[in-house]
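Colleague: sharing a model prediction with you, sequence too.
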Amino acid sequence: MKKVRKALEQNDVQAAQELLRAATRTIDKAHSKGVLKANTARRKISRLARAVAAKAAGSQ
């Protein structure tokens with residue numbers, strides 16, 4: 001999640017999109033192992049995806 005936010009701060013949308021996929025997998029894995037509750041995992045993924053989408057739309 002930190003890497004996605006850092007890529008967004010540096011206006012690197014391409015890297016942020018790739019890192020978002022990795023972060024989503026990591027968050028899902030944490031949820032499946034019981035580290036995160038379901039809604040928390042969904043919220044984190046949603047917020048990251050929204051941030052990446054907004055930056056991608058703003059950069060075009």
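Modeller: Received, thanks.

Colleague: quick check: buried residues in the longest helix belonging to the chain?
Modeller: Identified as the longest helix of the chain according to DSSP state H is helix 38-59. Neighbour-count burial for helix 38-59 flags 41, 44-45, 48, 52, 55 (criterion: 16 or more other C-beta atoms under 10 Å). C-beta here means a position set from N, CA and C on the backbone, and glycine is covered the same way.

Colleague: and which of those is nearest residue 28?
Modeller: residue 41 (6.6 Å; C-beta to C-beta).

Colleague: which residues touch that closest one?
Modeller: 27-28, 30-31 (C-beta atoms under 8 Å, 6 or more residues apart in numbering).

Colleague: mind giving me the PyMOL select for those, buried ones only?
Modeller: Typed into PyMOL, the line below selects the buried ones among the contacts of residue 41, using 16+ other C-beta under 10 Å:
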select buried, resi 27+31
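
Colleague: wait, which of the contacts of residue 41 is closest to residue 37?
Modeller: residue 31 (7.5 Å).

Colleague: and the closest one, which helix or strand is it part of?
Modeller: Using DSSP states H and E, residue 31 maps to helix 13-32.

Colleague: now residue 5, nearest residue through space, not along the chain?
Modeller: By the measure of C-beta to C-beta, 6 or more residues apart in numbering, the closest residue to residue 5 outside its immediate chain neighbours is residue 51, 7.5 Å from it.

Colleague: do you know how far the one you found is from residue 57?
Modeller: According to C-beta to C-beta, to the nearest Å, residue 51 stands 11 Å off from residue 57.

Colleague: contact partners for the most centrally placed residue in the chain?
Modeller: What sits nearest the mean C-alpha location of the chain, by C-alpha atoms, centre = their mean, is residue 48, with 3.5 Å. Counting by C-beta under 8 Å, 6+ apart, residue 48 touches 1, 4-5, 20, 23-24.
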